[in-house]
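Enquirer: Kindly generate the corresponding structure for this input.
(chains A and B)
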Amino acid sequence: MIDDLTELTIKDAARLLRLGSISSADLVTAHVERIERLDPHVKAYLRFTPELWEKQADEADRKIGQGEAPPLAGIPMAVKDVLCVRGVETTAGSQILRGFKPPYTATAVARLFEAGAVMLGVTNCDEFAMGSSTENSGYFPTRNPWDLDRVPGGSSGGSAAAVAAGEAMIALGSDTGGSIRQPAALCGVVGMKPTYGRVSRYGLIAFASSLDQIGPFARTVDDAAITLSLMAGFDPLDATSSDRPGLEVLNSSGGTVKGMRLGVPREYYDVKGIEPGVKAALDAALFILRNAGAEIVDVSLPHTDYGLAAYYIIAPAECSSNLARFDGVRYGLAEVDAPNITDEYMQTRRKGFGTEVRRRVMLGTYALSSGYYDAYYLKAQKVRTLIKRDFDEAFKKCDAIVSATSPTVAFPIGSKTQDPLSMYLCDVLTLGGNLAGLPGISVPCGTSDGLPVGLQVLGPQWGESVVLRVARSYEEASEIRAEVASVV
Amino acid sequence: MEVHVQPKTRTKMFCGCAVAPLNAPPNTYVCEICLGLPGTLPVANKAAVEACLKTALALNCEIPRHTKFDRKNYMYPDLPKGYQISQYDLPMSVSGHVEVATRKVRIRRVHLEEDTGKLVHAGDKLHKAWESYVDLNRAGVPLMEIVSEPDLRSADEARDYATELRTLLRAIGASEAEMEKGQMRVEPNISIRRAASDELGVKTELKNINSFRALHRAILFEVERQTQVLESGGRVVQETRGWSEAEQRTFSQRSKEFAEDYRYFPEPDLPPLEVEREWIDELRRNLPELPSVRRARLLDHLPAAQVAVIGADRELADLYENAVARGAPALPTANWIVNEVAPTGKLSPPENLAELMKLLHDGAITRDSAREVYVESVETGRTPAEIVAEHGYAQVSDESELRVLAEAVIDANPKAAADYRNGKKQAMQALMADLRKRAPHANPKVANELLLKLLA
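Expert: This is a model prediction of the structure:
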């Protein structure tokens, strides 16, 4: 019975809560007990927020009792360690921010609190969201609930693992090059990156500002859609946020792919390093979609090969600037015994930042340097424009694009840490969506060697409803549901 | 010249913090955004953009449709984000000009950026300080940077250019431009050249200039210093030099031979600004008369000396023109404003000044009384006529009354009277002084005539 409560969807939980069959406190208790049992193995969470969950569950129960329950009343949620929550230690997975308690809450989180969500804790991630395995966390690696010797993906690995292990009903992540979709695929859950500008970035500790987006993890497409719709929309604190339409949440009768044209980019289908098991799962998914009435069309994204290179100029360039504020002067780690300010900066940052963060700060600093700017940053921006055009062209021939989310299933812990480039290749199918600012989702599409495979659906800018429609009809037609991993 | 001007805004450039008053306690006008806490984002202040656009229009600049903000990256403890949001290759405006006396000074660009915080070092010298404190009240305060082309040829022209900018900024309401309050910071770049040559020498940039006087002196000093360096066979080093007010000299602060690499790139947190033409047109329509235009008009009926004072200040010029429009005599009113209003800053409503000028002009009161009436009128808001009636300042012009007085003065000053009769005309001054002492409200013209008559 207790385990059942950790396997509910938002819709079912909301029904039971309103019927009075369960209370928000019951939901929290069930999740906390599961966390106590499993998280010592999975290590999805960095820290827990009992004060918040008690207060928020009480509040939810009170409102439900008064018949005023907001849409997420009592829903247990995990939050990635890059989203500021007032008074809760928020460190972006980095030692440099150890002890930092922001005096403000990220807009996306605040909106979900407003909608009644109950925060269980802060989830682990790659330091400053830089990585694809959560092994770059400044604290400890998170493990894949389906195989504890494997990574959960990253950078939002903690959030993906928490939802997969039933340690949260929904979770928030951030996606800069695939950091929601790739771990969702590797952990067998639903993960969505909205259109750039759909969700306010206020309170999201920035990695690469022009690419970062906040999005939800859930075990069903509907849960992801509801969560996204409640945090989306213009925020006066984020000049890049927008109120554009295109986020109509699907009602239960809506959502068929009949008559839709789904593009399969050949550069993605035959991407280098794609595992046969992943390709087989993708083929099966395409078959199901075709059977459901979709037309599968061949499209091309000719500049795909340059995307990875452009991404690894633009993202580090922005990060080198975004991370300059971590200097030990105002908050976080400070090495104050240095003889002068320059040494203080260097000692603080050398001690506080991990290898991958230092590598990207150096790459980005170099790419922006005078004499190299034109050859690297400017060139990369031109490639970015070409990649956007590729997608524009492709969307003339199709309504949405489908591909595998990750070329591989979850890989063994430690297998890629010595080779950054092989780690970077994990994002080859997802980062195009960030460079072009497109909405994308990863939904479970079967397994390969017993490990989850994800199907990625990308839509045109502001086309979340198209993406959700395809994902939901696939979910329905395939009868593949994200399962809760039993772990041990 | 590079001139930084703080536009008149209620809040900072990218957050909702109020702009700190001078001498506010440290770090009391700050928020998570201007402190650069992680996760915070900038949002551009529309009032600052508007002030910058108005300034650009007043300086005859072109305003491109597309403009954007960029990050200027460098680490320093007074810069909370590790970068300053500024504008690099697509500034708010370009290619303007302003007339300063007979010189047309071209304006290269006017752009917007944010100010940094302030460091306070324990101990008086940076290198000896054992501790430094950071005050971020100013961090994020909006600044417009006005950059001119190298068109200014002397310290005089540089000072005149700076005062013209101040006049203009105040006239259009873009800034208070008080140098002493740090609302206007002037950084001249100075290079010299041989008389016959077109090629400018290596330039130095001067900082720490807090007044127009200091600007003038600093430039004179620096021109002389560079001349001496070259004449003694040395070479001028490209550097930033500070002006020391105490020592009245410039000193080397920072070499610019190895230019710092600021790694500018477009600010991804702020979408590019598309400046709507309708907005520009509206701002242009609502721009007040520019000081140069007004000065030309004032010169039609006033001497240049008076125009130099009145035309440099929008409030003085408004007072003058409004008083004259209400019947005040032109030149005496101009003189009054130059001598009595400009030095004290005491502004009266134009109708009161007009009334006072008419009283003075008609000989109803003396100039000494007029001064007292003016001050009292400004302080109490009452009309000059009321004050004159109440205090009995009305000037005595009645000859029979004044004759008695004049006779008394001659009797009391026999020596001066005798001197005058013996041809020492300046003795009359002593007699008039005594008369004014005895009767401050005596009409000096009539009294003088009576004295002359009695002594003849």
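Enquirer: and the helix or strand containing B:Trp243, average pLDDT?
Expert: Assessed by DSSP states H and E, B:Trp243 sits inside strand B:239-244. Averaged across strand B:239-244, the pLDDT comes to 88.
Enquirer: Report all helices and strands that that strand contacts.
Expert: Under the contact criterion of 3 or more CB pairs under 8 Å, 6 or more residues apart in numbering or on different chains; DSSP states H and E, strand B:239-244 touches strand B:204-207, helix B:212-231, strand B:249-255. Bear in mind the C-beta positions are built from the backbone N, C-alpha and C, glycine included.
Enquirer: For the shortest one, buried residues please.
Expert: Along strand B:204-207, these residues count as buried under the neighbour rule (16 or more other CB atoms under 10 Å in any protein chain shown): B:204-207.
Enquirer: can you check the last one too?
Expert: Within strand B:249-255, the residues that qualify as buried are B:249-250, counting by 16+ other CB under 10 Å.
Enquirer: did I read that right, A:Val122 in a strand?
Expert: Yes. Checked against DSSP: H, G, I helix; E, B strand; the rest coil, A:Val122 lies within a strand.
Enquirer: Can you pull out the residues in contact with the strand holding B:Trp243?
Expert: Strand B:239-244 has contacts (CB atoms under 8 Å, 6 or more residues apart in numbering or on different chains) with B:204-209, B:214, B:217-218, B:221-222, B:249-257.
Enquirer: Equivalent analysis for stretch A:429-438, please.
Expert: Against stretch A:429-438 from outside (CB under 8 Å, 6+ apart): A:175-178, A:181-182, A:193, A:195-197, A:211, A:213, A:268, A:271, A:301, A:304, A:307-308, A:310-311, A:314, A:384, A:387-388, A:390-391, A:403-407, A:439-440, A:456, A:458-461, A:463.
Enquirer: for the residue in chain A positioned nearest to chain B, what are its contacts?
Expert: Proximity of chain A to chain B (CB to the nearest CB) peaks at A:Ala324, 2.4 Å away. By CB under 8 Å, 6+ apart, the residues touching A:Ala324 are B:73, B:75, B:81-83.
Enquirer: Spatially, what comes nearest to B:Arg108 if we skip its sequence neighbours?
Expert: Spatially, and ignoring its direct neighbours in sequence, B:Arg108 is nearest to B:Val147 (4.5 Å; CB to CB, 6 or more residues apart in numbering or on different chains).
Enquirer: Tell me the predicted confidence for the one you found.
Expert: 97.
Enquirer: so it touches B:Glu2, yeah?
Expert: Yes. Counting by CB atoms under 8 Å, B:Glu2 is a contact partner of B:Val147 at 5.4 Å.
Enquirer: what number of residues lie near B:Gln84?
Expert: 21 (other CB atoms under 10 Å in any protein chain shown).
Enquirer: Need the three-state assignment for it.
Expert: The three-state assignment at B:Gln84 reads strand, by three-state DSSP.
Enquirer: distance of it from B:Thr116?
Expert: Here B:Gln84 is placed at a distance of 7 Å from B:Thr116 (CB to CB, to the nearest Å).
Enquirer: hey, what's A:Val264 bridged with?
Expert: When assigned by DSSP bridges, A:Val264 has beta-bridge partners A:Asp298.
Enquirer: Is the residue nearest to B:Arg108 in a helix, a strand, or coil?
Expert: Once three-state DSSP is applied, B:Val147 turns out strand.
Enquirer: Now do the contacts for it.
Expert: Applying CB under 8 Å, 6+ apart, the residues near B:Val147 are B:1-3, B:107-110.
Enquirer: And B:Thr28, by the same measure?
Expert: B:20, B:137.
Enquirer: Distance of it relative to A:Pro103?
Expert: Between B:Thr28 and A:Pro103 the computed distance is 15 Å (CB to CB).
Enquirer: cool, B:Ser191 as well?
Expert: With CB to CB as the criterion, B:Ser191 and A:Pro103 are 49 Å apart.
Enquirer: So which of the two has more stuff around it?
Expert: Comparing B:Ser191 with A:Pro103 by other CB under 10 Å, the one with more neighbours is B:Ser191, at 16 against 11.
Enquirer: pLDDT score for the nearest residue to that one once chain neighbours are set aside?
Expert: Closest residue to B:Ser191 apart from its sequence neighbours, by CB to CB, 6+ apart: B:Lys203 at 3.9 Å. Note for B:Lys203: predicted pLDDT of 91.
Enquirer: does B:Lys203 really touch B:Pro188, like I thought?
Expert: No. Between B:Lys203 and B:Pro188 there is no contact under CB under 8 Å: 9.5 Å.
Enquirer: who has more neighbours, those two?
Expert: B:Pro188 (26 against 16).
Enquirer: these two touch, right, the more buried one and B:Ile219?
Expert: Yes. Using CB under 8 Å, B:Pro188 makes contact with B:Ile219 at a distance of 5.7 Å.
Enquirer: Can you check which residues contact both of the two?
Expert: Residues touching both B:Pro188 and B:Ile219 (CB under 8 Å, 6+ apart): B:158, B:206.
Enquirer: Mind checking what secondary structure A:Ala407 has?
Expert: Small correction: residue A:407 is Pro, not Ala. Strictly by three-state DSSP, A:Pro407 counts as coil.
Enquirer: now do B:Pro332
Expert: Per three-state DSSP, the local secondary structure of B:Pro332 is helix.
Enquirer: List the contacts of it.
Expert: B:Pro332 makes contact with B:357, B:360-361, according to CB under 8 Å, 6+ apart.
Enquirer: Close to chain A: what parts of chain B are there?
Expert: For chain B, the residues in contact with chain A (CB under 8 Å from any CB of the partner chain) are B:32, B:35-44, B:71, B:73, B:75-77, B:80-83, B:134, B:261, B:263-265, B:268-271.
Enquirer: Give me the buried entries from those.
Expert: Buried members of the residues of chain B next to chain A, scored by 16+ other CB under 10 Å, are B:32, B:35-44, B:71, B:73, B:75-77, B:80-83, B:134, B:263-265, B:268-270.
Enquirer: Give the residue spans of chain A that score low on pLDDT.
Expert: A:1-3, A:249-255 (pLDDT under 70).
Enquirer: For the stretch 101-250 of chain A, just list every one of the helices.
Expert: Assigned by DSSP state H, counting those that start in this stretch, the stretch 101-250 of chain A shows helices spanning A:107-114, A:157-164, A:181-187, A:221-231.
Enquirer: I'd like the ones you listed laid out as CSV, including distance to chain B and mean neighbour count.
Expert: Output for those, formatted as CSV (distance: least, CB to the nearest CB, whole Å; neighbours: other CB atoms under 10 Å in any protein chain shown):
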stretch, distance to chain B, mean neighbour count
helix A:107-114, 10, 22
helix A:157-164, 17, 37
helix A:181-187, 21, 36
helix A:221-231, 15, 25
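Enquirer: closest to B:Ala418 out of the ones you listed?
Expert: helix A:107-114 (94.4 Å; CB to CB).
Enquirer: For the closest one, name the packing helices and strands.
Expert: For helix A:107-114, the packing partners by 3+ CB pairs under 8 Å, 6+ apart come out as strand A:170-175, helix A:221-231.
Enquirer: How about chain B: which residue is closest to chain A?
Expert: B:Gly82 (2.4 Å).
Enquirer: What residues does that residue make contact with?
Expert: Counted by CB under 8 Å, 6+ apart, B:Gly82 has contacts A:321, A:323-325, A:327, B:36, B:73-75.
Enquirer: Which secondary structure state does the closest residue to it other than its chain neighbours sit in?
Expert: Excluding the flanking residues, the one nearest B:Gly82 by CB to CB, 6+ apart is A:Ala324, at 2.4 Å. Here A:Ala324 is recorded as helix under three-state DSSP.
Enquirer: ok, now the one 3 residues further on?
Expert: Secondary structure assignment for A:Asp327 (three-state DSSP): coil.
Enquirer: if I look at the residue most central in space within chain A, how far off is B:Glu222?
Expert: Nearest to the mean C-alpha position of chain A, counting by CA atoms, centre = their mean, stands A:Ile180 at 2.0 Å. According to CB to CB, A:Ile180 and B:Glu222 sit 58 Å apart.
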